[in-house]
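Trainee: what's the 3D shape of this:
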Amino acid sequence: MTISFDCPGCGRICAFADQHAGRTARCTRCQQKFVIPAVDGGKAKKVKLSPDTVLPGFYRAALVRTWTSFFRRESITAVVFLTALVTFRFFLANFDLSAQMPGFVLLAPIGWIAIILTWGCQIGYYMETIANTLIDWDEYLIPEIGSGFEFLGGVIKSLYLFFAAFILMELPFLMLSNWMQKHQYGSPWIWHALTLGGLVLFPMALLILNGGPEIYSIFRPDYLLKPIFRAPGAYAVVVGAFVLAGGVELASRQYSPVKDQPTSILLLHWAGNVLAAFLGLAAMRMIGLFGRHYRCNLPW
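Mentor: Presented below is the predicted three-dimensional model:
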């Protein structure tokens, strides 16, 4: 059941699952803190806001508490959920049951279905983690994936927003790199470095998608760049975690390409996939922590 109510700060409609009733949360639009009411349509109680300054403790929260939060009792179910998703994809990612029938081919691309569903759930959980961290929750909560068409819609929306944001951030740098190569400006290492520019902006884009006023705010340069310039050291930690997770993911293989390898190699690649997923989840929490601790630097 969902509890919907008006934000006591700006009047925007907020909605939370009923198990969160009584918890403190924050409006992602106006940053007003409140206590979630116990009934649908109830009145949220305001919580006094802290001064409009940087919230101290980002580095400890990002580099220490991000990892200790995995061992909190409230996070156990979420940890099992993410491990199961990765394991399911590891074994089925290249699985195909398509068969030749009399007069036609019966298509059963189990692998592609598994990839789309598991990545959709995983990315949706990543986005939800950013949003939960922004509203001051420190646990890795169970993701709300819905059922039926709601589930499929959530999968498609998560994949679309995630990869659309990545392409939007990467495209200008790719175009500039190609233009420089075509006209022989700069050197190869500069061209290759430029292609990584989108990776630097991508975490900020995800923060805007989950905490900005509107989805289209991702096109505003001031929203993307001002928070980075105002807290470059903290943002570098976020980008570093993001790059580390991506590197481990790229280095790990699924079951099919390594199925003929020794069991130890199979386990190593499975562990690499699981580790990449949790590094990614930690990176998403760091994005939320950056938005929480440097809220005063966010233009919106």
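Trainee: quick one, helices of the stretch 51-200 of the chain?
Mentor: Here the stretch 51-200 of the chain has its helices, by DSSP state H, counting those that start in this stretch, at 58-60, 66-68, 76-92, 110-134, 148-182, 188-194, 197-211.
Trainee: now the stretch 201-300 of the chain
Mentor: Here the stretch 201-300 of the chain has its helices, by DSSP H, counting those that start in this stretch, at 221-230, 232-251, 255-258, 263-293.
Trainee: now do the last one, average pLDDT.
Mentor: This predicted structure assigns helix 263-293 an average pLDDT of 95.
Trainee: could you say what helices and strands it packs with?
Mentor: Counting contacts by 3 or more C-beta pairs under 8 Å, 6 or more residues apart in numbering; DSSP states H and E, helix 263-293 is packed against helix 58-60, helix 66-68, helix 76-92, helix 110-134, helix 197-211, helix 232-251, helix 255-258. Using the backbone N, CA and C atoms, a C-beta is placed for each residue, glycine as well.
Trainee: need the helices of the stretch 51-200 of the chain in CSV (columns: distance to residue 8 and mean neighbour count).
Mentor: Listed next are the helices of the stretch 51-200 of the chain as CSV, based on distance: least, C-beta to C-beta, whole Å; neighbours: other C-beta atoms under 10 Å:
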stretch, distance to residue 8, mean neighbour count
helix 58-60, 27, 14
helix 66-68, 30, 15
helix 76-92, 29, 17
helix 110-134, 18, 20
helix 148-182, 28, 15
helix 188-194, 46, 12
helix 197-211, 19, 22
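Trainee: reformat those helices as CSV; add distance to residue 237.
Mentor: Output for the helices of the stretch 51-200 of the chain, formatted as CSV (distance: least, C-beta to C-beta, whole Å):
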stretch, distance to residue 237
helix 58-60, 7
helix 66-68, 10
helix 76-92, 22
helix 110-134, 14
helix 148-182, 19
helix 188-194, 20
helix 197-211, 10
